[in-house]
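Here's my sequence, what's the structure:
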Amino acid sequence: MKILHTADIHLGSNVYGRIDPETGLNTRLLDFKRSFDAMVARALEEDVDLFLFCGDAYRTADPTPTQQRAFAECLRPLADRGIPIVMITGNHDHPVSFGKASALDIFSFIRGDVHVFRRPDWQAIPTKSGPVQILALPWPIRSVLLSREEHRKKSPAEIRAFIEEKYVELLELMTREIDPALPTVLAAHLTVQGAEMAGSERTSLIEHEPKFTVGQLARPGIDYVALGHIHRPQDRNEGRTPPVVYPGSIERISFKEWEDRKGFVLVDIAGEGAGKTTTYTFVETPARRFVNVHVDAREAPDPTEAVLAAIAEEDVADAIVRVRYHIEERQAALVDAQRIREALASAHVIAAIERTVEPTERQRRTVVTRDSSLREAMTRYIAQHEHLASMKDRLIDAALELEAAYEARQRLEN
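This is a model prediction of the structure:
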């Protein structure tokens, strides 16, 4: 049984893009589509039995018609080949308002063998190599819970605990009903405790989400746990059975992911019954490169030359490039910004050229950039105020709770 496992495509993440003159589309949309097309081409080449998508198709729950068309175009070769497509909804696929359709619901009506799981359920899906059992745990929909009177007065912590308990209970019930002789895959869009995040997953919210242990998911009878939600590829049960795998995203979302590998996973479940074995291979996509140039030029006699030398050491051609350089106040007039931009002429996009200026008196200052998370910003601020050091953990926790509450209210109001 060959399965292609992917997640977190986030089509429509157009940051650092520009308009392509030939198509009129944002170049970042084209980047995501190129990686998607490459993934589908590999699925056809491998003649997979199942294409499994574990949530977060688009950047938002309200994709544009152009984004929907691009996603459907990418899936069409799979449908034409007759390869079953399984999709579970992620947090970015769900509308905030109760009762509205999700961004994936439309695919239930398109041509092809498409199965969309919006709620926890399981199904034996026929493939050319026989049936495969899919146990689906989509993103838990808080708005559904809050629509019920018995849950409305619960605190966020109580709702989180209820979801964790309910999902574990549902999974236990599903595993009792499956046929252990058949290949079985748990497909879930959720957070596993200890997962390494890429940094663009809005970590302040993830800290307050339901979380599950590997042991709660890697149950007897399950041959592979296919996850979505975390953008960094990883096996949370590495070296043990079954694999518990995040494939990561197929394209970089921001500079918080600039060093991460991007791709998908090819899974092979061999054998029958108790003798089944599972192996998998991570395959990289042709994701757009992000190049991060950082230069400390405070001791350089010519800071411009120091920055140019650092750029020359990198392959910036067709990449999205960010340059950050650190100088002293006395050097500010010596920096030739035009020469730096000329050195980046071959880049696809110059994301930013940012400078940090050290005051002459060398007073320490807090520098918070637009890519800083709230946790990073708070940590840097507290580091500059010694009287706050003893309260660091409490201050950060309180700030993250306020941010999560604010974002939750924004989602409800929108």
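
Touching, Arg324 and Asp296? I think so.
No - taking contacts as C-beta atoms under 8 Å, Arg324 lies outside contact range of Asp296: 9.7 Å. Glycine gets a C-beta too; all of them are placed from N, C-alpha and C.

For those two, indicate the residue with more neighbours.
Neighbour totals were compared for Arg324 and Asp296, and Arg324 leads with 18 against 15 (other C-beta atoms under 10 Å).

And for the helix or strand hosting the more buried one, what's in contact with it?
Here Arg324 sits within strand 320-328, counting by DSSP states H and E. With C-beta atoms under 8 Å, 6 or more residues apart in numbering as the test, strand 320-328 has contacts from 16, 252, 255, 288-298, 303, 306-307, 310-311, 314, 335, 340, 344, 347-358, 360, 369.

give me that answer again for 6 Å
Strand 320-328 has contacts (C-beta atoms under 6 Å, 6 or more residues apart in numbering) with 16, 255, 290-298, 303, 307, 344, 347-356, 358.

Would you tell me what the next helix or strand after it is?
helix 337-343.

That following helix - contacts with which helices or strands?
Packing partners of helix 337-343 (3 or more C-beta pairs under 6 Å, 6 or more residues apart in numbering; DSSP states H and E): helix 303-312.

average pLDDT across the helix it packs on?
Taken as a whole, helix 303-312 has a mean pLDDT of 97.

got it, and stretch 170-178?
Mean predicted confidence for stretch 170-178 is 95.

Flag every buried residue along that stretch.
Leu170, Leu171, Met174, Thr175, Ile178 (16 or more other C-beta atoms under 10 Å).

swap in stretch 120-136?
Quick answer for stretch 120-136 (16+ other C-beta under 10 Å): Pro120, Trp122, Ile125, Thr127, Val132, Gln133, Ile134, Leu135, Ala136.

So which one of those is the model least confident about?
pLDDT across those is lowest for Pro120, at 93.

related to what we said a few turns ago, among the buried residues of stretch 170-178, which lie within helices?
If you go by DSSP state H, these have Leu170, Leu171, Met174, Thr175 in helices.

residue ranges for the helices of the stretch 1-150 of the chain, please.
27-46, 65-81, 142-146 (DSSP state H, counting those that start in this stretch).

any idea which of these is most buried?
Among the helices of the stretch 1-150 of the chain, helix 27-46 has the highest mean neighbour count (mean count of other C-beta atoms under 10 Å), at a mean of 19.

ok and that helix relative to helix 65-81, angle-wise?
10 degrees (axes from the mean of the first three to the mean of the last three C-alpha atoms, to 10 degrees).
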